[in-house]
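Asker: structure for this input, please:
(one chain, ligands or ions: 1)
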Amino acid sequence: MLYLSTRNNKIEKKPSEAVLEGIAKDGGLYMPKSFEGVDFPMDQLSKMTNKEISAQVIALLFKGDKMLEDEKGELEGAYKLVSKAYDGKFDNEDFAPLSKVADAYVMELYHGPTCAFKDVALQLLPQLVSASKKATGMKDEIVILTATSGDTGSAALSGFSNVDGVKIIVFYPRNGVSAVQERQMVSVDGKNTCVCSVGGNFDDAQSGVKSIFANLKLPQGVQLSSANSINIGRLAPQVAYYFKAYRDLMANGEIKMGDKVNFIVPTGNFGDILAGYFAKKMGLPVGQLVCASNTNKVLTDFFEEGVYNKNREFYLTKSPSMDILISSNLERLLYLVCGSERCASYMKQLKENGEYKLTEKELATIRKEFDAGFCDDIETLKTIKDVYEKEGYLMDTHTAVAWNVYEKWLKKTGDKNKTVVLSTASPYKFSSSVMNALGKEYDGEFDAVNKLYEYTKAKIPSSLVNIESKAIVHNVTVEKDEMQDFVDKMVNKKVWMD
Ligand SMILES: *Cc1c(COP(=O)(O)O)cnc(C)c1O
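Answerer: This next block holds a predicted model:
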């Protein structure tokens, strides 16, 4: 398998090169050259374990790359990487259990070490990076540079902590993440980790990181890379759980082989839902993929009107991990629908004018596979309360956005296929909002975790038990114009922590 840039289909890279680079030199994202010959063996699905499904997906998407080399073949090579990534890391034996709620299924993707779905990808990405370094013979040290609004930072730190040949620096907005998210990050004690708050908001931190990528002169033997979902090594691991959900629905007798299943996905950067589209391209019988947004509904408008317009007000919502106006991975869908030339032109218009418009034909092609909807904060909190009271099922704010959109979508379409709603965070990760939704009192965010337990008796994820007593090992802070100097100092420093 070779990978091409979404903006220039003449740039060809091996999977390991694409994983190490993260983003193509022309600013495009890496995409498989073709989905031909990457058919998932559906006839074996019902007998496969979770790890076998993940290994199969990786072996297909990264076929022929030295990173999968193993004396027993590439599938076994992939299986070893998957085992290293997942064994003993998830609270639940099944890393993506399905729960039946009303007539749908909720797929809980939050049983990993930091309680958000990003763990599924960010536990495996470090293994793919290490294997890619070996495969390409790269000797340089890789420094992962990440700006986070909360979930990515802790999941990336957890995944990359103490991985050989890699260091990681995470910047987060000083007053822009929750107390739980902050403590998750500043208590990670891997010797190769560095966590730093920035005086500014998430966009300041993100712009700072982008400018460092463009401007920082690195010492010999050091390369920067990214843990964001623009990296194909982060997208690929997510494809597996769509197959897994299908296997479980067959096992429950809800569907038989060949039946179509819909997926409703709470969306920010469009990575998670795009993984579902990859699964469809690889042969999974997917009905509709429904993109659920919060008040930052740039994607809902896009799917309705064919116009992507980021020139609009930005809202801070109760589902902060979806507060985003530029959904990077949408570029990969555009590439599949319009080809690299038009894709490059749309991305240029987005950069210059903040806007682009699809042709009617392009929009119609996309609408055959995707639908979209949104819900605001009031609806989000009401959904948490209603579902808890009617169904006895507790969900976080991001999942509630998806559930609300599911109900509206079902009413609109009357669709009869089985539907899976993706749940992307533990309700405990956003305890204060969930407590507000349930109309309950608490004193500060850590107290909200304990009170939520007292009220619901839902199991607290092990990593959040006594989170407030976890020792703080990182306490650096910089102003936004000091970020580059800070990274410069760090990349020149051999030992970070004793
Ligand atoms: C990152 C995140 C999302 C959005 O996922 P994308 O792949 O960026 O669309 C949704 N929910 C939670 C809890 C997240 O952390």
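Asker: after the helix or strand hosting G153, next one along is what?
Answerer: If you go by DSSP states H and E, G153 is part of helix 151-160. Downstream of helix 151-160, the next assigned helix or strand under DSSP H and E is strand 166-173.
Asker: helices or strands next to that next one in the packing?
Answerer: With contacts taken as 3 or more C-beta pairs under 8 Å, 6 or more residues apart in numbering; DSSP states H and E, strand 166-173 sits against helix 118-136, strand 141-147, helix 151-160, helix 179-186, strand 193-199, helix 202-215, helix 483-491. In this view, the C-beta of every residue, glycine as well, is placed from N, C-alpha and C.
Asker: follow-up on the earlier one: contacts for the helix holding G153, please.
Answerer: 112-114, 116, 118-119, 121-126, 144, 146, 148, 166, 168, 170, 172, 177, 181, 184-185, 188, 190, 192-193, 195, 227-228, 321, 425, 429 (C-beta atoms under 8 Å, 6 or more residues apart in numbering).
Asker: can you narrow the residues you listed to ones near the ligand?
Answerer: Residues of those in contact with the ligand (C-beta under 6 Å from any ligand atom): A116, K118, S321, A425.
Asker: now, those that are in strands?
Answerer: Judged by DSSP state E, strands contain none of those.
Asker: now those residues in TSV, with pLDDT and neighbour count?
Answerer: Formatted as TSV, those follow (pLDDT from 0 to 100; neighbours: other C-beta atoms under 10 Å):
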residue	pLDDT	neighbour count
A116	95	26
K118	96	31
S321	91	26
A425	97	25
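Asker: so the closest residue to T267 other than its chain neighbours, which state does it fall into?
Answerer: Closest residue to T267 apart from its sequence neighbours, by C-beta to C-beta, 6 or more residues apart in numbering: C291 at 4.8 Å. With DSSP: H, G, I helix; E, B strand; the rest coil as the basis, C291 sits in strand.
Asker: what does the pLDDT read for C291?
Answerer: For C291, the pLDDT comes out at 98.
Asker: got a list of contacts for stretch 90-97?
Answerer: So stretch 90-97 is contacted by 50, 86, 107-109, 111-113, 119-120, 241, 244-245, 461-463 (C-beta under 8 Å, 6+ apart).
Asker: what mean pLDDT does it get?
Answerer: Rounded mean pLDDT across stretch 90-97 is 86.
Asker: renumber starting at 11 from here on
Answerer: Got it, the first residue is 11 from now on, which makes the last one we talked about stretch 100-107.
Asker: go through it and flag the buried ones.
Answerer: Within stretch 100-107, the residues that count as buried by 16 or more other C-beta atoms under 10 Å are F100, D101, F105, A106, P107.
Asker: same thing with stretch 355-362?
Answerer: Y356, M357, L360.
Asker: and for stretch 383-392?
Answerer: The neighbour-count check on stretch 383-392 (16+ other C-beta under 10 Å) flags G383, F384, C385, D386, D387, E389, T390, L391 as buried.
Asker: mark which of the residues you listed are part of helices, please.
Answerer: Among the buried residues of stretch 383-392, the members found in helices (DSSP state H) are D387, E389, T390, L391.
Asker: and the closest residue to the first one other than its chain neighbours, how many residues sit next to it?
Answerer: Computed as C-beta to C-beta, 6+ apart, the closest residue to D387 that is not its neighbour in sequence is K328, at 4.7 Å. When neighbours are defined as other C-beta atoms under 10 Å, K328 has 25 of them.
Asker: you'd agree K328 is up against M445?
Answerer: No: using C-beta atoms under 8 Å, K328 is not in contact with M445; the gap is 11.8 Å.
Asker: spatially central residue in this protein, please.
Answerer: With distances taken as C-alpha atoms, centre = their mean, K128 lies nearest the centre of the chain, 4.6 Å away.
Asker: output the contacting helices and strands for the lowest-mean-pLDDT helix or strand in the chain.
Answerer: Using mean pLDDT, DSSP states H and E, the weakest-scoring helix or strand in the chain turns out to be helix 212-225, at a mean of 86. Helix 212-225 sits against strand 151-157, strand 176-183, strand 203-209, helix 493-501, with contacts defined as 3+ C-beta pairs under 8 Å, 6+ apart.
Asker: next, the angle strand 203-209 makes with it.
Answerer: Between helix 212-225 and strand 203-209, the angle comes out at 120 degrees (axes from the mean of the first three to the mean of the last three C-alpha atoms, to 10 degrees).
Asker: helix 212-225 and the ligand in contact?
Answerer: No: counting by C-beta under 6 Å from any ligand atom, the ligand is not contacted by helix 212-225; separation bottoms out at 12.5 Å.
Asker: quick check: what element follows that helix along the chain?
Answerer: strand 232-235.
Asker: can you list the residues of this structure near the ligand?
Answerer: Counting by C-beta under 6 Å from any ligand atom, the residues of the chain that sit close to the ligand are 126, 128, 161, 239, 276-282, 331-332, 408, 434-435.
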